[in-house]
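In: Structure of the sequence below:
(one chain, ligands or ions: 4)
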Amino acid sequence: MTVIINDDPIFGTVEFGDDSGTLADRTRAGDQTIHELEGGFGALVGDARTLAEGASGGDDDILGQNESAVTVVGDAFDMLGKTRGGDDILSARGTFEAKAVGDALTMSDRAVGGNDDIRVAGDFGAIAYGDAVSMTGRTRGGDDHLGGVTPFHGGMELYGDADTMSGRAGGGDDTIMGDDLFSRLVGDAKTLSDNARGGNDVLIAKDQNPTFFPAITEMYGDGLTLEGQARGGNDRLVSGQGETDRMWGDAAAMSDQARGGADRFVFGAENGKDTIEDFQTSRDRIELHDTDVHNFRELSALFEQTADGVLIQFDADNSILVKGVSELHRGDFLFT
Ligand SMILES: [Ca+2]
Ligand SMILES: [Ca+2]
Ligand SMILES: [Ca+2]
Ligand SMILES: [Ca+2]
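Out: Ligands and ions are numbered 1, 2, ... in the order given. Below you'll find the model as predicted:
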């Protein structure tokens, strides 16, 4: 039994799976299937407006399709106190813009996100967060799977946990798959600050579809920015075939006290023209799978020192630029 309200100040019409108010006192919300294919909804929410005081979200299956913009949320607008999100299956398709949030718009206190499976498709833009837009307090993100498409170059942004993580928020171990066109894949959040901690994530760029424009994928193992004393996780970033990947194992910008993890950068044959932006010798590693190069002696013959770092030039169309390093050693590589 779902509840529809028509007067939400942000979303207009909102459909809630269980309750348009607050669920508390150890209530467990039901497992709903909500499929709205006709549009007219600003937001679909799996369980309630607010989960508080021991409440937990159900395991919902939610699909929202709209001719303008649609937002699909797995559990609630807000999760606070000791609450838990369900393991939801979410799909948002907007003719203009699609947004999906695995658990709640805001998670605070000791809220824990569920393990969600999330797909977004927006012709002019798609964005998804595995757990929340904002995570504060001692919240924990779940282990989510995210993916999607943007047919018209709108750009897709996928965040394993949140937009912002602060306090002692911790990210889950997420798996994030890219698109053919422009994708930004982020293991944890756009910004991690205070004592936030990133999870151990897997980011996979999609192989280039030759009928499309050249694909560009930006991958960040933890965030765009690590502030305060934030810590990154140990992430795995997998290059897509034939496209341009820009890869940061940790973040593009880090404060003096922030620390990254030990990351793996993974490449196969026909990797395209890729860049590793923040390689840390003797901490991170580069894995080469099924390439024509089988050992370090063969590989080092392809090294070229440039002003930006070491360029590994396989051929005219395929290379890896390892920025900011003056030399690379045998121990920096794995061959399989
Ligand atoms: Ca739910
Ligand atoms: Ca989640
Ligand atoms: Ca997550
Ligand atoms: Ca991470």
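In: remind me which residues of the chain are low pLDDT?
Out: Applying pLDDT under 70 to the chain flags the ranges 152-154, 180, 209-213.
In: Number of residues surrounding residue 313?
Out: Neighbour count of residue 313, defined by other C-beta atoms under 10 Å: 14. The way it works is simple: take the backbone N, C-alpha and C, and place the C-beta from them, glycine included.
In: isn't it right next to residue 300, touching?
Out: No. Checked against C-beta atoms under 8 Å, the pair residue 313 and residue 300 is beyond contact range at 12.0 Å.
In: In the stretch 151-300 of the chain, what residue comes closest to ligand 1?
Out: Nearest residue of the stretch 151-300 of the chain to ligand 1 (C-beta to the ion) works out as residue 172 at 15.7 Å.
In: Actually, the stretch 101-250 of the chain.
Out: residue 114 (6.7 Å).
In: which residues touch that residue?
Out: Contact analysis of residue 114 by C-beta atoms under 8 Å, 6 or more residues apart in numbering lists 57, 59, 74-75, 84-88, 102-103, 142.
In: Now do the phi/psi pair for it.
Out: phi -80, psi 180 (degrees, to the nearest 10).
In: ok, and the closest non-adjacent residue to it?
Out: Closest residue in space to residue 114, ignoring its immediate chain neighbours: residue 85 at 3.8 Å, by C-beta to C-beta, 6 or more residues apart in numbering.
In: Also residue 66?
Out: residue 39 (4.3 Å).
In: ok, now residue 217?
Out: Among residues not flanking residue 217 along the chain, residue 205 sits closest, at 4.0 Å (C-beta to C-beta, 6+ apart).
In: Look up how far ligand 4 lies from the one you found.
Out: Applying C-beta to the ion, to the nearest Å, the value for residue 205 to ligand 4 is 16 Å.
In: please renumber so the chain begins at 6
Out: Sure, I'll start numbering at 6, so the last one becomes residue 210.
In: That residue - how many residues pack around it?
Out: 31.
In: pretty sure it is in contact with residue 250, am I right?
Out: Yes. Residue 210 is in contact with residue 250 according to C-beta under 8 Å; the separation is 5.1 Å.
In: Nearest to the spatial middle of the protein, which residue is it?
Out: Here the mean C-alpha position of the chain is nearest to the C-alpha of residue 164 (C-alpha atoms, centre = their mean), at a distance of 2.6 Å.
In: Show the contacting residues for that one.
Out: Neighbour list for residue 164: 132-135, 151, 191, 193-195 [criterion: C-beta under 8 Å, 6+ apart].
In: What parts of the stretch 56-205 of the chain come near ligand 4?
Out: 192-193, 203 (C-beta under 5 Å from the ion).
In: and if we set it to 8 Å?
Out: Proximity of the stretch 56-205 of the chain to ligand 4, by C-beta under 8 Å from the ion, involves residues 165, 176, 179, 192-193, 203-205.
In: Show the subsequent helix or strand relative to the helix or strand hosting residue 49.
Out: According to DSSP states H and E, residue 49 maps onto strand 48-50. Downstream of strand 48-50, the next assigned helix or strand under DSSP H and E is strand 53-56.
In: Buried ones in that next one, by neighbour count?
Out: For strand 53-56, burial by neighbour count (16 or more other C-beta atoms under 10 Å) applies to 53-56.
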